[in-house]
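Undergrad: I would like to see how this sequence folds:
(2 chains)
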Amino acid sequence: MLKFTIQKKLEGTLARAGVIETLNGSIETPAFVTVGTKAAVKAMTAEQVRSLNAQVVLANTYHLYLQPGPDIVAQAGGFGPFMDWHGPTMTDSGGFQAFSLGAAFGSNVSKVTRNTDAVLEDVSPVKGQLAKVTDEGVEFKSHIDGSKHLFTPESSMEIQWKLAADMIFAFDECTSPTAPYEYQKKSLDRTYDWAVRSLNHHESLDTEKKQSLFGVIQGGRHQDLREHAARTLGALPFDGYGIGGSFTKDDIGTAVGWVNAILPEDKPRHLLGIGEPMDLFNAVEAGCDLFDCIAPTRMGRHGTVHTPDGRINLKNKSFTTDFTPLVQGCTCYTCTHHTRAYIAHLFRANESAAGTLASIHNLHFILRLMESIRASLFDETFQSYKQSFIARYYK
RNA sequence: GCGUCGAUGGUAGAGCGGUCAAUUACAUCAGACUGUAAAUCUGACGCCUUCGGGCUACGCAGGUUCAAAUCCUGCUCGGCGCA
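TA: Model prediction:
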């Protein structure tokens, strides 16, 4: 069971800074949660993650269930000890895979859309998709071997109990931004039903209240649905809340604000799967405490790194002879040891160290950004910090 | 020297009379990526274009044909075999 203390609120906004205490250590919020889906932060060792002062790692129920299986992880004492991460941990419920392996499968639909008109009337299953949602749960066809598996709120709780993270999520359906309103509404009722089932089942497993359970707010881009979800789930005895689902790129802060204005103030709020600098600023301002995102590590592996002046793609020709660090003055391992030219060479030569070095830098960048944002809440320079950062990064 | 096989775009390597500026892979040049199906995916990749098309190309030179990267002849270069 976690303990959440709010230490500072920023007047005129929903933003707050605080501390979450878990059995495995505390998290100073707002905080970025490092993603280690399969009990591994891709391309990185746990020691490297630790050296970046990451505070908390999140793994995934669906992936660890398929491989190596929850019982093996349980034998190791949970996914944290299994991967040699001894700080606070979280697991996602598998609800996102209802989207990524379902409606989004084989398409280029992102849960964050720039197209406000992106609505498909047809929600019939996409050909070849690996997830099918019913009221009972989600039927998955393993992306590894094609075998079939039914995930329910109950089974998700059982698996997450075995994975033994400090904080876990209720089983939910992450809807697509292209789903019509009627579908989102229906899905929201289902997610509520699953939240109650998750809560009840988890209570029966975790009799000593070791794990904290977060409910997940859905509702897509619709204010009425978001607010309805915040009211109904907010009334349930969750230990915290995840805010998931689909957003419009320009409006994430607004949508999150609708929800956080209603959710109980004394419980932590985790914005699921969001991690671009602009979005982090806006969501902190709108009252979020935790963020997890694959972007730093995935983009790193794909050759893109953060700089204060925006992203750069190290695969571009211009970097092959650039013997400066990724970011002048950056204190990360990558920047204090290597040049752009070297890392560009590693990418071209297909050396896996390229992804490692870029991931280290990107994670460092985002983790330090969150620390700076937190500090700016305490000294009340948040607004000016936000403005100057964004002006430079997105110029 | 004789015989034989081969010579295709940055590279490898398809094509073997028209639908070929030429499959594919790699390389190259860009782009995308937000609770990880992702060390992935997408686009461009002869020259010019008023985007309709035009021009030059499959070792070189001729030839056959309405039509040749594809067939024939000679040459040049290379692999292999025999002397």
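
Undergrad: Can you list the low-confidence ranges for the stretch 1-150 of chain A?
TA: Counting by pLDDT under 70, the stretch 1-150 of chain A contains low-confidence ranges at A:116-126.

Undergrad: Identify each of the strands in it and give its residue range.
TA: All strands of the stretch 1-150 of chain A, identified by DSSP state E, counting those that start in this stretch, fall at A:3-9, A:16-22, A:25-29, A:31-35, A:57-60, A:89-92, A:112-113, A:131-133, A:138-141, A:148-151.

Undergrad: The third one - contacts with which helices or strands?
TA: Right, strand A:25-29. Under the contact criterion of 3 or more C-beta pairs under 8 Å, 6 or more residues apart in numbering; DSSP states H and E, strand A:25-29 touches strand A:16-22. Every residue, glycine included, has its C-beta placed from N, CA and C.

Undergrad: now the strand it packs on against strand A:25-29, angle please.
TA: Interaxial angle, strand A:16-22 versus strand A:25-29 (axes from the mean of the first three to the mean of the last three C-alpha atoms, to 10 degrees): 170 degrees.

Undergrad: Show the end-to-end separation of stretch A:48-58, please.
TA: Length of stretch A:48-58, first residue to last, C-alpha to C-alpha, to the nearest Å: 16 Å.

Undergrad: For the nearest residue to A:Lys210 once chain neighbours are set aside, what are phi and psi?
TA: Distances taken as C-beta to C-beta, 6 or more residues apart in numbering put A:Leu23 closest to A:Lys210, at 6.5 Å, once the chain neighbours are dropped. With angles defined as degrees, to the nearest 10, A:Leu23 sits at phi -70, psi -20.

Undergrad: From RNA strand B, how far out is A:Phe169?
TA: Relative to RNA strand B, A:Phe169 is positioned 5 Å away (C-beta to the nearest atom of the strand, to the nearest Å).

Undergrad: so how far is A:Ile217 from that residue?
TA: Distance from A:Phe169 to A:Ile217, counting by C-beta to C-beta, to the nearest Å: 11 Å.

Undergrad: Between those two, which has more neighbouring residues?
TA: Between A:Phe169 and A:Ile217, counted using other C-beta atoms under 10 Å, A:Ile217 has the larger neighbour count: 34 against 31.

Undergrad: Would you confirm that that one contacts A:Leu263?
TA: Yes. In this structure, A:Ile217 is within contact of A:Leu263 by C-beta atoms under 8 Å, at 7.5 Å.

Undergrad: Look up the closest residue to A:Ile373, ignoring the ones flanking it.
TA: Nearest to A:Ile373 is A:Val284, by C-beta to C-beta, 6+ apart, at 5.6 Å.

Undergrad: Between A:Ile217 and A:Leu263, which contacts overlap?
TA: Residues touching both A:Ile217 and A:Leu263 (C-beta atoms under 8 Å, 6 or more residues apart in numbering) are A:230, A:241.

Undergrad: just to revisit the earlier point, let me know which of the strands of the stretch 1-150 of chain A is tucked in deepest.
TA: Highest mean neighbour count among these (mean count of other C-beta atoms under 10 Å): strand A:89-92, with a mean of 31.

Undergrad: Give me the residues contacting it.
TA: For strand A:89-92, using C-beta under 8 Å, 6+ apart, the contacting residues are A:24, A:33, A:56-61, A:64, A:78-80, A:160, A:163-169, A:270, A:272, A:292.

Undergrad: Show the buried residues in those residues.
TA: Buried positions within the contacts of strand A:89-92, assessed by neighbour count (16 or more other C-beta atoms under 10 Å), are A:24, A:33, A:56-61, A:64, A:78-80, A:160, A:163-169, A:270, A:272, A:292.

Undergrad: re the thing from before, between A:Phe169 and A:Ile217, what contacts are shared?
TA: The contact sets of A:Phe169 and A:Ile217 overlap at A:Gly242 (C-beta under 8 Å, 6+ apart).

Undergrad: that older thread, nearest to A:Arg348, out of the strands of the stretch 1-150 of chain A?
TA: Closest to A:Arg348 of the strands of the stretch 1-150 of chain A, according to C-beta to C-beta: strand A:31-35, at 26.6 Å.
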